[in-house]
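K.L.:
From the sequence below, what's the structure:
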Amino acid sequence: ADPKYPRQLFILTDGEVSDPSSCIRECRIAADSTRVFCFGIGSGASKQLVEGMAKAANGDFEMVGDNDRIDDKVLKQLGKALSPAITNIKIEWPAGSVERTAPFRQIPVFAGGRVTSFAWLKPDQKTLNVKLTAVGPSENVDQEEEVNVEKPTEGEFVFALAARRLMKDFDESRSYAHTA
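P.N.:
The predicted model follows:
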């Protein structure tokens, strides 16, 4: 498989699933290498299931009602699936400057996506040179930025986001605790 084009999985469902949370969890686990596109077919399809699986694996979803034409919706999703991705994303922090990062591993980024990373810095850090590398659709990404950390962010919002990301990694079995 071409690393520029991670696996694309198309799921069609009527939503009759006994354990939707386990389906969504499996999609999250596969998100490192697979993007999921879901189609909820019929009026009884579960939007929670269809949307949950797609979002868990960086894909998209469509609800197809009893009187809807499916072909336009399939073409729309195929267009998204054929867009190239930025893969093998790595964020390098200076040696000895960071205690922990989240997410544990970066997942592929598709058109319109973004990379977000949190770091728990060791005390007395002033400025850090942070390096981002990745494989892009037409060229590799190699970018270094100086980050000034002397003025920490006020409030608890950023801390809450970082904690949520750590918990998500743990829930998805992709954390520091799962590497031993």
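
K.L.:
what sits up against the helix with the most length in the chain?
P.N.:
Taking DSSP state H as the assignment, the helix of the chain that covers the most residues is helix 157-171. Identification of contacts with helix 157-171 by C-beta atoms under 8 Å, 6 or more residues apart in numbering yields R25, R28, R100, A102, P103, F104, T116, F118, W120, S175, A177, H178. C-beta: built from backbone N, CA, C; applies to glycine.

K.L.:
Give me the three-state assignment for the residue at the greatest distance from the centre of the chain.
P.N.:
Relative to the C-alpha centroid of the chain, counting by C-alpha atoms, centre = their mean, N67 is the outermost residue, at 32.9 Å. Per DSSP: H, G, I helix; E, B strand; the rest coil, the local secondary structure of N67 is coil.

K.L.:
So it versus G42, what's the distance?
P.N.:
Separation of N67 from G42 (C-beta to C-beta, to the nearest Å) stands at 11 Å.

K.L.:
quick one, helices of this protein?
P.N.:
Under DSSP H, the chain gives helices at 20-30, 47-56, 70-81, 157-171.

K.L.:
Low-confidence regions, the protein specifically.
P.N.:
Flagging of the chain using pLDDT under 70 yields the residue ranges 1-5, 152-155, 172-174, 178-180.

K.L.:
C38 is in contact with G59, correct?
P.N.:
Yes - judged on C-beta atoms under 8 Å, G59 makes contact with C38 at a distance of 6.9 Å.
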